[in-house]
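Visitor: Have a look; sequence and predicted model below, questions after that.
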Amino acid sequence: MRRLKPLAMALGFSLVASSALAAACGNSADGFSAWKAAFAKEAAAEGVGARGLEALSGAQYASGTIAADRNQKSFKYSLEKFMQVRGAQTIISQGRKRRAQDAAFYDALERQYGVPAGVLIAIHGMETGFGGFMGDSSVVSAIVTLTYDCRRSDFFRPHALGALKLVDQGAITAQTKGAKHGELGHTQFLPGNALRYGVDANGDGRVDFYNLTDALASTANFLRQKGWQPGQGYQEGQPNFSVIQQWNAAGVYQKAIALMGAQIDGG
């Protein structure tokens, strides 16, 4: 036992040192610059390259993102109110038209990934109004700010690293605009998910979430990789509803997507 004590002490000091070196979160803009410098070391150790680190250095504290994060009222609505506020009937009506106009595309996606058109179209409509508005906030600044913020640092950290690696890959730049929480593209992928599940569906050598083909194929790939069972139902209580739950954590959102998807699919 005596021989183990020096090792245990060394390990203890190592853990303390690692903890001390970790970037400390904050709840205001004060300390953001110092946090970025500390996080840059962590990011480099995680494989972020020069372009990503440069984007991190240029990130600004996103006060609008913090305000939005503290004020997500719509997810507290009843399902009926939520669908009314989010324009469910318009999404269903336009979604059916989109399904009919580009049937070959959606059929190909379902053959490859097993995900029905209605689900993908409902997500597309809900997230950005079918690409009508994909956000006006800096993706990098937003996601880096949320990682610095103490409220959900651990949740957003892999997405901040994902965003910086996407910059390295050329999938986004430091100037790319997205939603307040750093979601990007037609279906508003969080950057870590974009990095992991992105698909170059149009074959141009680049995963582009602002390209509809890439974005919807990536969305279908995300759902399939999360356990989507082709041919199974996706309403509440059916096998694939649990997969929809992994796209967004809000219960009213999940139920709305399932209901709208079924109506777009004609069920």
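Guide: Okay, I see it. Residues are numbered from 1 along each chain as shown.

Visitor: Please enumerate the strands of the chain.
Guide: 137-138, 177-178 (DSSP state E).

Visitor: helices or strands up against the first one?
Guide: Counting contacts by 3 or more Cβ pairs under 8 Å, 6 or more residues apart in numbering; DSSP states H and E, strand 137-138 is packed against strand 177-178. All C-beta atoms are positioned from the backbone trio N, CA, C, and that covers glycine.

Visitor: hmm, back to that, and the strands of the chain, which is most packed in?
Guide: For the strands of the chain, average neighbour numbers computed from mean count of other Cβ atoms under 10 Å are highest in strand 137-138, which has a mean of 24.

Visitor: Low-confidence ranges, the chain, go.
Guide: By pLDDT under 70, the weakly predicted segments of the chain are 1-22, 72-75, 267.

Visitor: at 90 instead, please
Guide: Confidence mapping of the chain against pLDDT under 90 gives the ranges 1-24, 27, 69-77, 249, 266-267.

Visitor: centroid residue for it?
Guide: Geometric centre of the chain, nearest residue: L190, 1.6 Å, by Cα atoms, centre = their mean.

Visitor: contacting residues for it?
Guide: Counting by Cβ atoms under 8 Å, 6 or more residues apart in numbering, L190 touches 143, 159, 162, 181-183.

Visitor: Can you give me the distance of the nearest residue to E183 once chain neighbours are set aside to G205?
Guide: In space, and not counting its chain neighbours, E183 is closest to L190: 5.7 Å by Cβ to Cβ, 6 or more residues apart in numbering. Counting by Cβ to Cβ, to the nearest Å, the gap from L190 to G205 is 23 Å.

Visitor: cool, and M134?
Guide: M134 is 22 Å from G205, by Cβ to Cβ.

Visitor: likewise G233?
Guide: 37 Å.

Visitor: between those two, which one's more packed in?
Guide: For G233 versus G205, the count of surrounding residues by other Cβ atoms under 10 Å is larger for G233: 15 against 8.

Visitor: so the more buried one touches P239, yeah?
Guide: Yes. Using Cβ atoms under 8 Å, G233 is in contact with P239, at 6.6 Å.

Visitor: ok, how many other residues are close to R206?
Guide: 13.

Visitor: swap in Q101?
Guide: For Q101, the neighbour count with other Cβ under 10 Å is 9.

Visitor: for K180, same thing?
Guide: Neighbour tally, K180, other Cβ under 10 Å: 20.

Visitor: can you check S153 too?
Guide: 17.

Visitor: quick one, what contacts it?
Guide: 25, 146-147.

Visitor: just R157 next, same as before
Guide: Residues counted as contacts of R157 (Cβ under 8 Å, 6+ apart) are T147.

Visitor: ok, it to I264 distance?
Guide: 35 Å.

Visitor: for T176, same thing?
Guide: Counting by Cβ to Cβ, the gap from T176 to I264 is 29 Å.

Visitor: And R96, by the same measure?
Guide: 6 Å.

Visitor: Those two: which has the busier surroundings?
Guide: Between R96 and I264, counting by other Cβ under 10 Å, I264 is the more crowded of the two (26 against 17).
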